[in-house]
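**Q** no sequence on this one, just coordinates:
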C-alpha cells in the first residue's frame, strides 16, 4: 500500500483529500505545518507528499527546500490558492514535481498523484537500466540523477520534458510508442496537453542531436503509430 503525507492547515481540505485517497487504497497521514511535516519525514517513510504553499510558520516553499536539503526525495505535489505563474516556477525550481491550484477536483488530484507515482517508478527503473552509462552504441550518455544528456562528448541543452522524453525512449530501445502512450508516461495527467506536443518535442530533440551529428537518426518515426529510439 502506498503511503501519502498531506501537509495542509485547512481541516476541510485534509478531510476531503484523506477520505478520497483512502477510498482509492492509499494509506494517508497528515501534518498541519511544515515543521510537523519535516518531523514526520524523519520518523516515517512516505511515497509522496502533497504540500500546501500557504502554511503557518514556514511556508510550503521553505518546507520543500528543507526537505530536499535533508535528502527527502519523495515526489512532491504542491497545492496553492494562488495561480500566479511565479509561484509555480519557484516551487518547481525548489524541487516540486507537480502543482495543483485550489479549488481543485479530488478526482483530478488522484489522477495527478497516480501519474506522478508512475513517473517516479519509471524513473527509478530507468536509473537501474541506464545509470551513468551509454544506453547504446550511438554516443549518447544520460545521467538521470543530474538530468544531463551528453552526445558525442557534447552536453545537450534540453528543456525538462525534452530530457524526460529522450530518457524514456532511450530506456526502451527499439520499442515503438504511440503519442498517447508517451503523453501518459512522460507528461502524465494533463488535460491541456495533446498529441501534437509529442511531435514538437521530438522535432526539437532531433534538431539538437543533428546540430552535433548531422547523421544522427536516434529517434525514428513509425508511420501511423508513433516513435522509437534506435540504439544501433
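**A** Alright, I've got the coordinates. Since the structure is predicted, the reported quantities are computational estimates derived from the model, not experimental observations.
**Q** quick one: buried residues of stretch 175-183?
**A** Under the neighbour-count criterion of 16 or more other CB atoms under 10 Å, stretch 175-183 has 177, 179, 181, 182, 183 buried. For every residue, glycine as well, the C-beta is placed using N, CA and C.
**Q** and the closest residue to residue 32 other than its chain neighbours, helix, strand or coil?
**A** In this structure, residue 32 finds its nearest non-sequential neighbour in residue 9, 4.7 Å apart by CB to CB, 6 or more residues apart in numbering. Assigned with DSSP: H, G, I helix; E, B strand; the rest coil, residue 9 falls in the coil class.
**Q** out of the buried residues of stretch 175-183, who's nearest residue 75?
**A** Distance to residue 75 across these (CB to CB) is lowest for residue 183, with 18.7 Å.
**Q** helix/strand/coil for that closest one?
**A** With three-state DSSP as the basis, residue 183 sits in helix.
**Q** returning to what we had before: so for the buried residues of stretch 175-183, which is the shakiest by pLDDT?
**A** The lowest pLDDT within the buried residues of stretch 175-183 belongs to residue 183, with 85.
**Q** and it, how far is that from residue 117?
**A** The gap separating residue 183 from residue 117 is 17 Å, by CB to CB, to the nearest Å.
**Q** same thing with residue 147?
**A** Distance of residue 147 to residue 117, computed by CB to CB: 19 Å.
**Q** Those two: which has the busier surroundings?
**A** residue 117 (18 against 12; other CB atoms under 10 Å).
**Q** doesn't residue 48 make contact with that one?
**A** Yes - taking CB atoms under 8 Å as the definition, residue 117 is a contact partner of residue 48 at 6.1 Å.
**Q** Return every residue with contacts to both of these two.
**A** Residues touching both residue 117 and residue 48 (CB atoms under 8 Å, 6 or more residues apart in numbering) are 2, 75.
**Q** could you pull out the strands for the protein?
**A** Secondary structure of the chain (DSSP state E): strands at 3-7, 27-31, 48-52, 76-80, 98-101, 140-143, 148-151, 154-155, 177-178, 219-222, 226-229.
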